[in-house]
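Student: Attaching a predicted model along with its sequence, questions to come.
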Amino acid sequence: MSGPRALWVPFEIDNFAQTRSFYVDRLGMSVVDEWSVDGEHGVVLRAAENAYVELVAPGLRRQAPVAFELGSQAEVDAAFAHVGDVEVVRPPGRYPRGHYGFEVRDPAGAHLMLWHEHG
């Protein structure tokens, strides 16, 4: 495993249009991806090189994970095999937006997602 190649900070929100406008129009972030699937609306915004903000509505009132993008689905599976005895929030699988990954809580309780965009 070569390690993370990007940092993603996802937020679950209630007012999609207003929040999207704030990040795009006021903070100047560029849109990388946008979707609307099964009542979920989302947008991925570039905050800096290899750093992204993801907004998803409706908010489910759960702690959104800090996300680390890996280079391949095989790296995601290898990372899952190495996380050890931690709480699995979501096992490896495909998300509504199409990416592949898993979610765990680290030993201190932080919610983490490790994922790959295509694969």
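Tutor: Received it, and whenever you're ready, just let me know what you need. Numbers count the residues shown, from 1 in each chain.

Student: lowest-pLDDT helix or strand in the chain?
Tutor: Sorting the helices and strands of the chain by mean pLDDT, DSSP states H and E puts strand 6-12 at the bottom, at a mean of 82.

Student: for that strand, packing partners?
Tutor: strand 51-57, strand 66-69 (3 or more CB pairs under 8 Å, 6 or more residues apart in numbering; DSSP states H and E). Using the backbone N, CA and C atoms, a C-beta is placed for each residue, glycine as well.

Student: nearest to Gly109, of those strands?
Tutor: Among those, strand 66-69 comes nearest to Gly109, with 12.3 Å by CB to CB.

Student: Report the buried residues of the closest one.
Tutor: Ala67, Phe68, Glu69 (16 or more other CB atoms under 10 Å).

Student: if we can go back for a sec, so which of the helices and strands packed on strand 6-12 is nearest Phe22?
Tutor: Closest among those, using CB to CB: strand 51-57, at 9.5 Å.

Student: And what about Asp77, helix, strand or coil?
Tutor: Under DSSP: H, G, I helix; E, B strand; the rest coil, the three-state class of Asp77 is helix.
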